[in-house]
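Participant: what follows is a predicted structure for the sequence shown.
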Amino acid sequence: MPKMKSVKGAVKRFKVKKNGSLKRGTAYRSHILTKVDGKHHRQMRSPKVVDKADAKNIKEMIN
């Protein structure tokens, strides 16, 4: 059987941390951020962790 190909869109969006959890970016960061509160805008910079319910499917896409 041939190897399974990884989903390139998922590979570009997610990184696996040392402890096995998945790192992701924040949504709604592209444009029109003048309306966004400054505190919320700063919080959107930091990477977030993928929820456990979605992590299994995403790991299958990456590997």
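Facilitator: It's in.

Participant: need the strands for this protein, in chain order.
Facilitator: 15-16, 22-24, 48-49 (DSSP state E).

Participant: longest helix in the protein, please.
Facilitator: helix 52-62 (DSSP state H).

Participant: give the burial count for residue 14, as a bare number.
Facilitator: As a burial measure, residue 14 scores 19 neighbours (other C-beta atoms under 10 Å). All C-beta atoms are positioned from the backbone trio N, CA, C, and that covers glycine.

Participant: of the strands of the chain, which stretch is the most buried?
Facilitator: Of all these, strand 22-24 carries the top mean neighbour count, a mean of 17, counting by mean count of other C-beta atoms under 10 Å.

Participant: residue 16 touches residue 24, doesn't it?
Facilitator: No. Using C-beta atoms under 8 Å, residue 16 is not in contact with residue 24, being 11.0 Å away.

Participant: residue contacts, the most centrally placed residue in the chain?
Facilitator: Centrality entry for the chain: nearest residue to the mean C-alpha point is residue 24, 2.1 Å, by C-alpha atoms, centre = their mean. Contact analysis of residue 24 by C-beta atoms under 8 Å, 6 or more residues apart in numbering lists 13, 14, 47, 48, 49, 50.

Participant: please redo it, this time with the cut-off set to 10 Å
Facilitator: Applying C-beta atoms under 10 Å, 6 or more residues apart in numbering, we find residue 24 in contact with 13, 14, 15, 47, 48, 49, 50, 51, 54, 58.

Participant: now do residue 14, the pLDDT please.
Facilitator: Residue 14 carries a pLDDT value of 97.

Participant: so what pairs up with the closest residue to it other than its chain neighbours in the strands?
Facilitator: Counting by C-beta to C-beta, 6 or more residues apart in numbering, residue 14 lies nearest to residue 22, which is 5.0 Å off, once chain neighbours are set aside. Listed beta-bridge partners, residue 22: residue 16 (assigned using DSSP bridges).

Participant: ok, residue 22 to residue 49 distance?
Facilitator: Residue 22 sits 7 Å away from residue 49, going by C-beta to C-beta, to the nearest Å.

Participant: between the two, which contacts overlap?
Facilitator: Joint contacts of residue 22 and residue 49 (C-beta under 10 Å, 6+ apart) are residue 55.
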